[in-house]
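Participant: Predicted model, plus sequence, below.
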Amino acid sequence: MTKTADMNAQEVIRLLTIANDDLPSVEYRCEMLKREVNSLEGSIKNSTMIVQELSDQISYSHDILDSNRSSCQEEKRQIHELHHKKMKLESLVNDFQNDNEEYVKFTKTVEEKIIGILSNAKVLL
């Protein structure tokens, strides 16, 4: 065993001195260290699983964020398009109201009818 471990005579003597003086405590310490190694290896496996789970959640969150960004950009584009259409329609309505004689006549007729109805108390009752 000493040849396999590549130990010289002085190391063997030192080992035997330690073993003879304190073998039970060395064995106990060795067992405790083995248990601690096993526990740490278990903790490493657990930590690795947690890191993988968190990495998966981050990836999923990035996908959702990208999807939400795309949706937001599409909605902004649609809002801009609707605003542009609204401006065109408002301009068309204003042009129609200001330049159309029939619209002006219609508006005046409606106003006259409303004033006539409101001024006639019997019709209101």
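Facilitator: Happy to help now that I have it. Residues are numbered from 1 along each chain as shown.
Participant: what about Leu15, neighbour count?
Facilitator: The burial count assigned to Leu15 is 14, neighbours taken as other Cβ atoms under 10 Å. (Glycine included, C-beta is placed from N, CA and C.)
Participant: Which helix or strand contains it?
Facilitator: Of the helices and strands defined by DSSP states H and E, Leu15 is found in helix 9-99.
Participant: again with Thr2
Facilitator: Here Thr2, judged by DSSP H and E, is contained in no helix and no strand.
Participant: Could you check the pLDDT of it?
Facilitator: At Thr2, the predicted lDDT confidence score is 77.
Participant: repeat for Leu89
Facilitator: Note on Leu89: pLDDT of 93.
Participant: For this structure, which residues score under the pLDDT cut-off?
Facilitator: The model of the chain has pLDDT under 70 over residues 121-125.
Participant: Tell me which residue is most central in it.
Facilitator: When the chain is reduced to its mean C-alpha position, the nearest residue by Cα atoms, centre = their mean turns out to be Ser61, at 4.1 Å.
Participant: For Phe96, see how far away that one is.
Facilitator: Distance, Ser61 to Phe96, using Cβ to Cβ, to the nearest Å: 51 Å.
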